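*Asks:* can you look at this prediction? I've put the sequence above it.
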Amino acid sequence: MTSTPYDTTSTEPPDDAMPTTSGATDGPGNVDDELAFGLDIEDDEAGSSEGALSVLRRGLRQSDELRQGLATTVGMGLSVAAGRLAIPVLLEQTINNGVLVDTGVDTGAVLRSAAVMSVVVIAAAFVSWLTQRRLVIRAEAGIANLRIAAFDKVHELSIADHNETRRGVLVSRVTSDAESLSRFAQWGLYSWTIDPTVILGTFCVLVWYSPWLALIVAVAYAPVIPTMRWLQVRQLAAYDLLRTRVGEMLAAFSEAVMGAAVVRAYGAEERTRDQLGRSIAARYRARIRANKYMAGVFVIGDLFGALAFVGVLVAGLAQRDAWGIGAGELIACLFLTTLLHGPIAELGETMDQTQTAVAGWRKILNLLDHPVDVAEADPGVSLDHGPVEVRAEHVTFAYRNAAPVVHDVSVTIPAGTNVAIVGETGSGKTTFAKLLCRLADPVGGTIRLNGVALGELSHAARLATVRMVPQDGFLFDTTIAENVRYGRPGATDAEVEQAFDRLDLDWWIAKLPDGLATKVGERGDNLSVGERQLVALARAALADPGLLILDEATSAVDPETDQALTTAIARLAVDRTLVSIAHRLATAEAADVILVFDAGRLVEQGAHADLVDDDGVYARLHRAWVGNTREVG
Amino acid sequence: MVSDRTALRRGLIHVANMVKLHPGPFVVAVAGAAVFAAGTVLSTVVLGRITDDVVLPTFETGEVPDGALRGGVLAIVAVTVLRVVGVVCRRFFAGMTSERVQMTLRHRLSDQYLALPLAWHQRVPAGQLLAHADNDAEVAVDVLHPLPFSLGVGFLAVFAAISIVAVDPLLASIAFLIFPALTALNRVYSSRIEKPAAEVQEGVGIVSSIAHESFDGALVVKTLGRSEHESRRFGAAVRELQANRVRVGFLRAAFESVMDVLPNLGIIVVLVIGIYRVDAGAVGPGDLVQVTALFTVLAFPMRVMGFFLESVPPSVVAHGRLEAVFDEPLPEPPPTYRRLPAGPLSLSASGVSFHYPGGPPVLDDVNLEVRPGEVVALVGSTGAGKSTLCNVLCGLLPLRSGVVRLGGVDIDDVDPIERTDNVALVFQESFLFADTLHANIDLTGRATPSEIHRVAEIARISQFVDGLPQRFDTVVGERGITLSGGQRQRVALARALIQSPRLLMLDDATSAVDARVEQQILARLRAELDTTTVIVAQRVSTIQLADRVLYMRDGTISASGTHAELLGHPGYAALVRAYEEAAR
């Protein structure tokens, strides 16, 4: 398990620092970076030495539902096992005492036995039915809770972990891996209870007939235990590989589906088909490898059973006088030996199911145990409502094992100021903004809001106080109104409408035939990128944060709308602190203070006019901008 | 009754279709099961012979008959080998059958996902498609696991049944009452489980969809602090799935228990009726014992048959979900494709309209004309339909009405391969695959290294790529997430240039690139490429690089002309001069 203390928010790692920023891009060959590549979540072969028992223990600790009622389930299982044992015994008794007696058939005795057998059979079936229902309830509850816990955990992971783990892999944790537990939870627990009981019961009868022959059977079957252990380790590794391959296959499917437009526009069908084909075939190979063990494990009962049978036969005949064994006893012992095959073979089968479950379980448990990079303060300090003073003290931030991207930045942003951060792509401005809303923690230095260190602020207080609008206007597959409501749960439609009004965007909503009820499609695909940004802004307008951070939030909207938004946002920013990462310098021109970032350092700060006069980095950026927005000649 | 019968028939047809895909391993598995069944029968024979020829003589004569003992042991070894070989063959090849069928289903799915148009993908959630490839494919073949065993032990059942008839037809006819009982039971079970089983498969799809969407939007969830809400949304779907699975589980538990109890009750009935037959002198006591033993043998195949029958309805349901994807109609190709003319391609649209399913019109009667080699800027406000128009002009989205012509040829008559070879659209949001930079630029795998270097130079990525330890072999994260927005856009641009397109469309494709660099890139494109170019542009400097401007408004082209000409158009001037105006 590798954990790095630092979170990366590398949606925008710096252009020029690229070679050293991310282990993910280094590919294989560099061991350290390999390990840094989210191994715990994507592919935890490092942890696959963990035994099945340890996983079971961890898993049962996690799932109350499976642990609770285990005793009752075992109790019920025992009675089912007793029923199973009773039937052959009763049948044999009936035949020996009712049918095959010298005095002729005893109809009465047979009828009485039949009645007893009927009761036992029906009672055993009834108990078995109850047990199974119970197991179904428990198992499904346990799996559902595990899914939800894993889902919640995914949202606790840092942005860095998200960037390094493929969606399909994460989805497989809450779907496929959880599914793999289902069969085990329903049948595995059941047969782990019944089969050993039947084996033990049969063995006791054997002992009662002849302790010596029982000993021989025990010795003959003894190698089953190390053999199973040997197989179990390999099985687990095989199933672990299978779970990894399933995750990779889903990642390949996810990419092919999400990139559908690129695939079609560039005729990349062949390439994608090849990749999907390879991942499908890899999953198949992993499965077949596991199948070898699945096929083999079942015959253990037969192989050692034959050994036991021959042992009993030969030793029983040779030592019949010494051990006082009669013909009837020997035949009974031989019969009982063959009776052991079934449950031992079944146990092998159960072992197989157990390993499948353990492999999936371990993937989920490892996800649950993955360290959280940004730990929330508990209980944490709360903040008063109103504009927030932001103070950065020697803030340094670096991506994993890399040179700093933000370097020793100290700045104080007074409450209620409108600040623009400018700089070239890769100057560290977006990273700095992400530090302000604690998507990552700085490597060095502290950020304080109204004097409180960001790390000490409670989760709720931070959410209420700080609101960031990211550049990527991701929307959920529902209506515009619902998406805006994400900004403030429980807001009415009228309030949602007001949010657009305050941004002077009512014209846009009016243009849509279904207005706020317009469906946006998956990821918001039915809207243009610019329109998605409008919805994301409305979200922020609905909230009432003390610190509003806009990360190039209008990069895809047209100049006219952008200008109108700049005015509206300035209005919105009254009584709050506004930090805008500006790609277009029109935003900067309107700001109270401009912070200029260059190569991770804060190199200039001041008002627009002063900075232009200084003829530094900002002046150069501004000249380029003016050249781009004005007509030449 | 009719619907039950069709349910069973559908099940059998489904099974037959699956088996037909990979009959080889299936036949081996059935043979293995038959060998195992034979071994099981033989082992009872061997047990009897050992009793008669070895054990009893030993106790009668006081001497162990060495020859017979050796023969007995050998027979046990032989029978065990038979059983072991049978089991291993059956289990391994049954697994192989179902895994191969699964693989075939997945390959078909992947082909279909790739063949279906973009509009279909925009309609169906990605998570749903993942669920088809994972859980649905798996459950669809579940039925193949117990099938060879069922068929194999069928021999055993036939053997046992014939033996029972030989002993006493009356007793046999009573014993065989169990078969109609079994059929009736299966009917009830099938009809009851179909709906919840369908809901389970659907539920898995929904759970997968929510997870995929939610993880995809993780950044938004985080910045808005909506993880609890997401948890509730996911939790509701999981609870729904849980409830349905419990319903299915209950039905299975009931079916299982009855399946368990039926053969045992059968034995008891045989015993009771049999004792009267013995009493009446119709059969001997030994015969009764034999029938009872045979019935015990019969119980085993019935149990195995139960496993098979149990898995049929869910498999049919899951396969039905896959079939819905397979049956999705593919776009009809024209009878013959028409070739594109040589040189830069002209582009025209007349009366083009488009709307998303159930949505408002996004494009409304678009008419435009771009001459070969011309550089045209497409300008319009947010939501005017620029991106949609680009997609439609490239043939990615279907026309609801009107015609798009490429080099004078109706775009629907152009071979998609020729189209993608000659037309390149660079999207506003660049999508990179989790692969090397090389593979991302050269998606079709036909470019030479020198060509890659040339386009890297034009797209201005050489510098940052040279700084990477593995250069073009560097692997980027999913969606290219480990690169900055500007880097991603430039890699996407290089991807478009590598095929030397004769029509290049840039949909605001350099928005995240620094203004200065953008200018250099576009100027070089103009100078070096012999292509028709359509640029969706916001910046005046970019617009000024174009020969002509198309001004788009409310889903249609409202004006066309040079930048200077269009400045007289009030809407246009306000749009492109907004920053300039504000600065005054």
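*Replies:* Sure thing, it's come through.
*Asks:* which parts of chain A belong to which domain?
*Replies:* What automatic domain parsing lists as the domains of chain A is A:45-365, A:390-629.
*Asks:* export these as TSV, with columns for mean neighbour count.
*Replies:* All C-beta atoms are positioned from the backbone trio N, CA, C, and that covers glycine. Below are these laid out as TSV (neighbours: other CB atoms under 10 Å in any protein chain shown):
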stretch	mean neighbour count
domain A:45-365	20
domain A:390-629	20
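*Asks:* mind checking those for the one nearest to residue B:39?
*Replies:* domain A:45-365 (9.0 Å; CB to CB).
*Asks:* so where's the stretch 351-500 of chain A uncertain?
*Replies:* Counting by pLDDT under 70, the ranges of the stretch 351-500 of chain A that qualify are A:400-402.
*Asks:* around chain B, pick out the residues from it.
*Replies:* A:424-426, A:437, A:439, A:459, A:462-463, A:467-472, A:474-477, A:486-487, A:489 (CB under 8 Å from any CB of the partner chain).
*Asks:* mind checking which of these are in strands?
*Replies:* A:467, A:468, A:469 (DSSP state E).
*Asks:* residues contacting the second one?
*Replies:* Right, residue A:468. With contact set as CB atoms under 8 Å, 6 or more residues apart in numbering or on different chains, residue A:468 has these partners: A:433, A:434, A:436, A:437, A:439, A:548, A:549, A:550, A:551, B:223.
*Asks:* how close does the fifth one sit to residue A:431?
*Replies:* The gap separating residue A:439 from residue A:431 is 9 Å, by CB to CB, to the nearest Å.
*Asks:* where does the stretch 101-250 of chain B get nearest to chain A, residue-wise?
*Replies:* residue B:249 (3.2 Å; CB to the nearest CB).
*Asks:* which helices and strands does the strand or helix carrying that residue pack with?
*Replies:* Secondary structure assigned from DSSP states H and E places residue B:249 in helix B:227-279. Secondary-structure packing of helix B:227-279 (3 or more CB pairs under 8 Å, 6 or more residues apart in numbering or on different chains; DSSP states H and E): helix A:70-94, helix A:107-156, helix B:169-175, helix B:178-216, helix B:285-326.
*Asks:* please redo it, this time with the cut-off set to 6 Å
*Replies:* helix A:107-156, helix B:169-175, helix B:178-216, helix B:285-326 (3 or more CB pairs under 6 Å, 6 or more residues apart in numbering or on different chains; DSSP states H and E).
*Asks:* how about those, which one is nearest residue B:401?
*Replies:* Residue B:401 lies closest to helix B:285-326 among the helices and strands packed on helix B:227-279, at 28.2 Å (CB to CB).
*Asks:* next, the angle helix A:107-156 makes with that closest one.
*Replies:* 20 degrees (axes from the mean of the first three to the mean of the last three CA atoms, to 10 degrees).
*Asks:* just after helix B:285-326, pick out the following helix or strand.
*Replies:* Using DSSP H and E, the next helix or strand after helix B:285-326 towards the C-terminus is strand B:347-355.
*Asks:* which strands border that following strand, and is each parallel or antiparallel?
*Replies:* Applying DSSP bridges, strand B:347-355 is found paired with strand B:361-370 (antiparallel), strand B:401-406 (antiparallel).
*Asks:* number of nearby residues for the residue lying closest to residue B:181 once chain neighbours are set aside?
*Replies:* What sits nearest to residue B:181 in space, not counting adjacent residues and going by CB to CB, 6 or more residues apart in numbering or on different chains, is residue B:262, at 6.5 Å. Applying other CB atoms under 10 Å in any protein chain shown, we find 20 residues neighbouring residue B:262.
*Asks:* go on, residue B:331?
*Replies:* 12.
*Asks:* picking that back up, pLDDT value on the residue of the stretch 101-250 of chain B closest to chain A, please?
*Replies:* You'll see residue B:249 listed with a pLDDT of 90.
*Asks:* please name the residues that touch it.
*Replies:* Listed by CB atoms under 6 Å, 6 or more residues apart in numbering or on different chains, the contact partners of residue B:249 are residue A:136.
*Asks:* swap in 8 Å and give it another go.
*Replies:* A:132, A:133, A:136, A:137, A:139, A:140, A:186.
*Asks:* if I look at the third one, how far off is chain B?
*Replies:* Between residue A:136 and chain B the distance, using CB to the nearest CB, to the nearest Å, works out to 3 Å.
*Asks:* does that residue touch residue B:246 like I think?
*Replies:* Yes - taking CB atoms under 8 Å as the definition, residue A:136 is a contact partner of residue B:246 at 5.6 Å.
*Asks:* quick check, nearest of the contacts of residue A:468 to residue B:276?
*Replies:* Using CB to CB, these come closest to residue B:276 at residue B:223, 81.4 Å.
*Asks:* quick check: closest non-adjacent residue to the residue in the stretch 401-550 of chain B positioned nearest to chain A.
*Replies:* Closest approach between the stretch 401-550 of chain B and chain A, counting by CB to the nearest CB: residue B:420, at 3.2 Å. What sits nearest to residue B:420 in space, not counting adjacent residues and going by CB to CB, 6+ apart, is residue A:267, at 3.2 Å.
*Asks:* could you look up the SS state of that neighbour?
*Replies:* coil (DSSP: H, G, I helix; E, B strand; the rest coil).
*Asks:* circling back: can I get the ones in strands among the residues of the stretch 351-500 of chain A next to chain B in JSON lines with distance to residue A:259?
*Replies:* Converted to JSON lines, these look like this (distance: CB to CB, whole Å):
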{"residue": "A:467", "distance to residue A:259": "31"}
{"residue": "A:468", "distance to residue A:259": "27"}
{"residue": "A:469", "distance to residue A:259": "26"}
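*Asks:* residue contacts, residue 242?
*Replies:* By default, I'm working from chain A. Residue A:242 neighbours (CB under 8 Å, 6+ apart): A:283, A:286, A:287, A:289, A:290, A:356, A:359.
*Asks:* the intended chain is chain B.
*Replies:* By CB under 8 Å, 6+ apart, residue B:242 lies in contact with A:140, A:141, A:143, A:144.
*Asks:* the helix or strand where the residue of the stretch 401-550 of chain B closest to chain A lies: what's the following helix or strand?
*Replies:* Counting by DSSP H and E, the element that carries residue B:420 is helix B:416-422. Using DSSP H and E, the helix or strand that follows helix B:416-422 towards the C-terminus is strand B:423-426.
*Asks:* what about that next one, distance to the chain center?
*Replies:* Offset of strand B:423-426 from its chain centre (CA atoms, centre = their mean, to the nearest Å): 28 Å.
*Asks:* do stretch B:564-584 as well
*Replies:* Worked out by CA atoms, centre = their mean, stretch B:564-584 lies 50 Å from the chain centre.
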